[in-house]
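J.: Make a model of this:
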Amino acid sequence: MEMEIIADDGNLCGEGPLWDEKARTLYWTDITGRRFYRYLWNERRRERLSSDFLVGGFCQQHDGGFLVTSSRGIWLWQPGDPATLMATEADGQECVMNDCAADPEGRVYSGSFHLDDNGNSAPSFLFRVDTDGSVHVADEGIRFSNGLAFSPDASVLYFADTAARCIYRYAWRRNDGLLSDRRVLARIDPAEGVPDGLAVDAEGFIWCAHWFGGCLTRYDPDGKRERKVRVPASQSSSLVFGGPDLDEIYITSAAKPDSLILAPAGYDPAQVFSGGPVYRFRCGIQGQLKHRSRISRALPAATQEDSGTGRKES
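T.: Residues are numbered from 1 along each chain as shown. Just a heads-up that it's a prediction; the model follows:
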């Protein structure tokens, strides 16, 4: 299957691709490089929107800007403007956050991660950000939080725990955002790396990017693997459906080897191409749009941080 490179900026940790159907624009972040990009589909070119502001995961706000999650907390942010800090802890737990996803009501879910060089994971948590800006622990017993995605009818939230090498599924309740009945949807063979970003297509199948595995896998709602797609970059990090017909799959990747304690036996980063580009391909499957967040909270100016240069480069 042919993979086209649409951007090759040497992303140290390219992550979180998000498709804006209104502007026909793809966004993604380089977490380690602290750079934030967009790809203008109509013009077939990319721009760097900001630098020096740490963007881990992000959701597009319904009225513009982004809800950002990172190892430094939860933020509201408009590229080029100062970012507003919302929370660094919730229910007594640190908000050392990774990926995130909005639900149909505009709430946001994001998990924390704590992994040391010996592979030990301090207790991590899945958090819920309500539309009023309050943050709550939604689940515990997590090791290394990563990708999240909703089923087409939003009755199920899928969630990747990287260190546990599994994808969970939760029942989701619309009226209050409660998550319940956590079950393992799929376990990842250690030889195929670890699960990272997730996406769900229009047929309800779950796609997972494999860090260290150089591939995407597709599972049916019962957890049976339906296919495997090879990716040129070993550290394939995340994916999203995009394009005017939502039939293009965009994949981010990472140039800097990371979390090597979780790598398959015998894995040698010097012998593989880790990554850095953003890829695109088609496989005849249509995706679904991500939900937009509706988080609002005004905080004093003292909680604001410079979000970088706001520089745009083509």
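J.: what number of residues lie near the residue nearest to Glu203 when sequence neighbours are not counted?
T.: Excluding the flanking residues, the one nearest Glu203 by C-beta to C-beta, 6 or more residues apart in numbering is Ile285, at 7.0 Å. Where C-beta positions appear, they are placed from N, C-alpha and C, glycine not excepted. Neighbour count for Ile285, taken as other C-beta atoms under 10 Å: 16.
J.: what does Arg173 give?
T.: 12.
J.: how far away is it from Trp75?
T.: 27 Å (C-beta to C-beta, to the nearest Å).
J.: quick one, helices of this protein?
T.: Assigned helices in the chain: none (criterion: DSSP state H).
J.: any idea how far Arg45 lies from Tyr39?
T.: 7 Å.
J.: the more surrounded of these two?
T.: Per other C-beta under 10 Å, whichever of Arg45 and Tyr39 has more neighbours is Tyr39, with 22 against 12.
J.: in stretch 231-248, what's buried?
T.: Buried positions in stretch 231-248, judged by neighbour count with 16 or more other C-beta atoms under 10 Å: 231, 233-243, 246-248.
J.: list the contacts for the residue nearest to Glu203?
T.: Counting by C-beta atoms under 8 Å, 6 or more residues apart in numbering, Ile285 touches 201-203, 205, 247.
J.: Report the two of those residues separated the most.
T.: Pairwise distances across those peak at 14.2 Å for Phe205 and Asp247 (criterion: C-beta to C-beta).
J.: Report the contact partners of the residue nearest to Tyr168 when sequence neighbours are not counted.
T.: Leaving out its chain neighbours, the residue that sits closest to Tyr168 by C-beta to C-beta, 6+ apart is Phe159, at 4.7 Å. The contact partners of Phe159, by C-beta under 8 Å, 6+ apart, come to 109, 111, 126, 145-148, 167-170, 198.
J.: Try it again at 7 Å.
T.: By C-beta atoms under 7 Å, 6 or more residues apart in numbering, Phe159 lies in contact with 126, 148, 168, 170.
J.: Just the residues you listed: which are in strands?
T.: 126, 148, 168, 170 (DSSP state E).
J.: Tally up the residues packed near the second one, please.
T.: By that I understand Leu148. Leu148 has 25 nearby residues by other C-beta under 10 Å.
J.: Report the beta-bridge partner residues of it.
T.: Under the criterion DSSP bridges, Leu148 forms beta bridges with Phe159.
J.: Kindly report the same for the third one.
T.: Beta-bridge partners of Tyr168, counted by DSSP bridges, are Phe159, Val184.
J.: where does it land on pLDDT?
T.: The model reports Tyr168 with a pLDDT of 98.
J.: That one: neighbouring residues, count only.
T.: Other residues close to Tyr168 by other C-beta under 10 Å number 20.
J.: do the same with the last one
T.: For Tyr170, the neighbour count with other C-beta under 10 Å is 23.
J.: let's number from 243 now, not from 1
T.: All right, first residue 243 from here; so that's Tyr412.
J.: any idea how far Ala396 is from it?
T.: Between Tyr412 and Ala396 the computed distance is 11 Å (C-beta to C-beta).
J.: Could you tell me which ranges of the stretch 443-556 of the chain sit under the pLDDT cut-off?
T.: 540-546, 548-556 (pLDDT under 70).
J.: Please name the residues that touch Leu504.
T.: Residues near Leu504 by C-beta under 7 Å, 6+ apart: 361, 404-405, 436.
J.: Among these, name the ones in strands.
T.: The strands, defined by DSSP E, take in Val436 from the contacts of Leu504.
J.: Would you mind checking the contacts of Leu504 for buried ones?
T.: The neighbour count (16+ other C-beta under 10 Å) marks 404-405, 436 as buried among the contacts of Leu504.
J.: Reformat these as TSV; add pLDDT and distance to Cys301.
T.: Shown next, in TSV, are the buried ones among the contacts of Leu504 (pLDDT from 0 to 100; distance: C-beta to C-beta, whole Å):
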residue	pLDDT	distance to Cys301
Thr404	97	20
Ala405	95	24
Val436	98	23
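J.: Mark which of the buried residues of stretch 473-490 are part of strands, please.
T.: Using DSSP E, these in strands are 478-484, 490.
J.: and those residues, which two are the farthest apart?
T.: Ser479 and Glu490 (17.4 Å).
J.: if we can go back for a sec, and which of the ones in strands among the contacts of Phe401 is nearest Thr459?
T.: Relative to Thr459, the closest of the ones in strands among the contacts of Phe401 is Tyr410; by C-beta to C-beta it sits at 15.5 Å.
J.: Surely the closest one touches Asp423?
T.: No. Applying C-beta atoms under 7 Å as the test, Tyr410 and Asp423 come out as separate, 10.2 Å apart.
J.: quick one: stretch 355-371 to chain centroid distance?
T.: Put simply, stretch 355-371 sits 16 Å off its chain's centre (C-alpha atoms, centre = their mean, to the nearest Å).
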